[in-house]
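*Asks:* Using only what follows, build the 3D model:
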Amino acid sequence: MSSRINDARIKKTVQNAAIRIKVEYKPPGKEIKFPWRSPRSTYRIFVAESLLVRTRAEAVARVFPILIEKYPNIHALAKSNERDLAEILKSLGLPQRQALLKRGAQFIVEHNRGRVPKTIAELLKVPGLGRYSATAIASFAFKSAEVPADVNILRFLSRLTGLPMTHATKGSRNLWDLLPLLSSLEGGPKSERLLDFSRLVCAPRVPNCGLCPLQRLCFFYLTAAK
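*Replies:* Predicted coordinates:
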C-alpha cells in the first residue's frame with residue numbers, strides 16, 4: 001500500500017463506520033466522567049489536554065481537581081510556583097511537564113490576553129502543545145471538525161481496515177490519511193464520542209467486540225478475532 005490511501009473500499013468502510021458510531025454507539029455503564037468535561041471551559045480543556053500527552057486519562061483525572069482548585073484560571077497558572085506544580089503532578093511522571101504547562105499559560109497570558117487560542121495554527125505556537133494537543137483543544141473547546149490523532153483512534157482505524165500501525169503510538173501515514181473521513185463534516189460523531197468509543201469498545205488489549213456496532217465492517221473482527 002502506498003503512503004496515500006487510494007482504495008475506495010477502505011474509504012467507504014471508514015465513512016460508514018463513522019456514521020454508525022454516531023448513530024448506534026451507546027456508552028457502556030463503566031464509562032468514566034472526566035472532570036474536565038463538566039463543568040467545561042476552554043481553560044480546563046487546555047490544562048487537561050496539556051496533561052494527557054503520553055498519560056492515561058484516569059491518571060490525569062486523579063490530579064486534575066487538585067490542580068484546578070489551586071490554579072482556577074490561566075493567570076493563576078501562569079504565576080504558579082513550579083515546585084508546587086511539580087508536587088501536584090508528580091504521579092504523572094515526565095518531570096518537564098510542569099515547566100511546559102506553566103510556560104504555556106504564560107505564553108497565552110502574554111501573547112493572547114489570557115484567552116486560549118481558537119485555531120490549531122495558533123495553538124501550535126503555545127509552548128508544550130504538539131499537533132495532537134492543539135487539535136484536541138480546537139475540537140473540544142471550539143468545535144473544530146478536525147479529528148485528533150489519538151493513539152486509541154489510530155488503533156481503531158488499524159483494526160477496522162487491516163492497515164498496520166507502523167509506529168506503536170503514532171500509527172502510520174496511511175492511518176493519518178483516513179482521519180478526515182471520521183470527521184463530523186463527513187457525517188461522523190463528535191471527536192469526544194469517537195475517543196470514548198475507541199477507548200472503551202475498541203480497547204487497547206482486549207477489544208469489546210460484543211459491544212461494537214461495526215462487526216460486519218471490521219477487518220479485525222472478521223479475520224483476526226475468529
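*Asks:* ok, which stretches of the protein are helices?
*Replies:* Taking DSSP state H as the criterion, the chain carries its helices at 8-24, 42-51, 57-70, 74-78, 82-89, 97-112, 120-123, 131-142, 151-161, 173-178, 191-200, 219.
*Asks:* From T55, how far out is the residue nearest the centre of the chain?
*Replies:* Ranked by distance to the mean C-alpha position of the chain (Cα atoms, centre = their mean), the top residue is D150 at 4.7 Å. The gap separating D150 from T55 is 12 Å, by Cβ to Cβ, to the nearest Å. The way it works is simple: take the backbone N, C-alpha and C, and place the C-beta from them, glycine included.
*Asks:* who wins for proximity to L185 among the helices of the chain?
*Replies:* The stretch from these with the least distance to L185 (Cβ to Cβ) is helix 8-24; that distance is 10.3 Å.
*Asks:* ok now that closest one, how far from the chain's centre?
*Replies:* Taking the mean C-alpha point of helix 8-24 and that of its whole chain, the gap between them comes to 19 Å (Cα atoms, centre = their mean, to the nearest Å).
*Asks:* what inclination does it have with respect to helix 191-200?
*Replies:* Here helix 8-24 runs at an angle of 100 degrees relative to helix 191-200 (axes from the mean of the first three to the mean of the last three Cα atoms, to 10 degrees).
*Asks:* Could I get the average pLDDT for helix 8-24?
*Replies:* When pLDDT is averaged along helix 8-24, the result is 94.
*Asks:* What is that helix packed up against?
*Replies:* Applying 3 or more Cβ pairs under 8 Å, 6 or more residues apart in numbering; DSSP states H and E, one finds that helix 8-24 contacts helix 151-161, helix 173-178, helix 191-200.
*Asks:* Turn the helices of the chain into CSV, columns for distance to C212.
*Replies:* Converted to CSV, the helices of the chain look like this (distance: least, Cβ to Cβ, whole Å):
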stretch, distance to C212
helix 8-24, 9
helix 42-51, 27
helix 57-70, 20
helix 74-78, 39
helix 82-89, 35
helix 97-112, 34
helix 120-123, 30
helix 131-142, 23
helix 151-161, 10
helix 173-178, 18
helix 191-200, 8
helix 219, 13
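*Asks:* now for those helices, which one comes closest to N208?
*Replies:* For the helices of the chain, the distance to N208 is smallest for helix 191-200, at 7.2 Å, taking Cβ to Cβ.
*Asks:* Now do P213 against T161, distance only.
*Replies:* Between P213 and T161 the computed distance is 16 Å (Cβ to Cβ).
*Asks:* More neighbours: those two, which one.
*Replies:* Between P213 and T161, counted using other Cβ atoms under 10 Å, T161 has the larger neighbour count: 24 against 16.
*Asks:* contacting residues for the more buried one?
*Replies:* Listed by Cβ atoms under 8 Å, 6 or more residues apart in numbering, the contact set of T161 reads 10, 13-14, 175, 178, 219.
*Asks:* quick one: pLDDT of G210?
*Replies:* On pLDDT, G210 comes in at 90.
*Asks:* got the buried residues for stretch 161-170?
*Replies:* Residues 161-163, 165 are the ones in stretch 161-170 that count as buried (16 or more other Cβ atoms under 10 Å).
*Asks:* ugh, wrong one, I meant stretch 140-158
*Replies:* Here stretch 140-158 shows 140-141, 144, 146-158 as buried, counting by 16+ other Cβ under 10 Å.
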